[in-house]
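Q: Okay, sequence plus prediction incoming.
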Amino acid sequence: MQVTVHAAKTHLSKLIEAVLAGEEVVIARGKHPVVKIVPLPQNRFTIGVLKGKIAGPGPDFLEPMDADELALWEGNGT
């Protein structure tokens with residue numbers, strides 16, 4: 001659907017609903033299309049999404065490194 005800038009200002013709520021329903025909406029100045037309204041992705045962050053899917057307790061990042069691993073981090077290892 002293509003609408004003019006004036007119509008877009010007047011019917012913005014309806015145009016947003018149309019876009020969210022999957023319709024393509026283009027705003028034109030006169031007969032020349034200038035912009036397209038697109039929906040933003042609606043990603044929802046969920047805490048614990050991997051709970052029960054990862055085996056084991058995982059690494060303890062506060063535990064000191066052994067000497068060989070520390071040497072690798074410092075660039076002294078092979």
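A: Nice, I can see it.

Q: For residue 26, which three-state class applies?
A: Secondary structure, DSSP: H, G, I helix; E, B strand; the rest coil: residue 26 is strand.

Q: Poorly predicted segments of this protein, please.
A: For the chain, the stretches with pLDDT under 70 are 77-78.

Q: Show me the helices in it, by range?
A: Remark: helices assigned in the chain by DSSP state H are 5-10, 12-20, 67-73.

Q: and residue 41, which of these is closest to it?
A: When the helices of the chain are compared by CB to CB, helix 12-20 sits nearest residue 41, at 12.0 Å. Bear in mind the C-beta positions are built from the backbone N, C-alpha and C, glycine included.

Q: I'd like to know which elements the closest one is packed against.
A: Under the contact definition 3 or more CB pairs under 8 Å, 6 or more residues apart in numbering; DSSP states H and E, helix 12-20 sits against strand 25-29, strand 32-37.

Q: In TSV: these, plus distance to residue 59 and mean neighbour count.
A: Compiled in TSV, those are given as follows (distance: least, CB to CB, whole Å; neighbours: other CB atoms under 10 Å):
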stretch	distance to residue 59	mean neighbour count
strand 25-29	49	15
strand 32-37	46	11
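
Q: need those strands in TSV with distance to residue 58, can you?
A: Formatted as TSV, the helices and strands packed on helix 12-20 follow (distance: least, CB to CB, whole Å):
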stretch	distance to residue 58
strand 25-29	47
strand 32-37	44
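
Q: With residue 15 as the reference, name the closest of these.
A: It is, among the helices and strands packed on helix 12-20 and with distance given as CB to CB, strand 25-29, at 5.1 Å.
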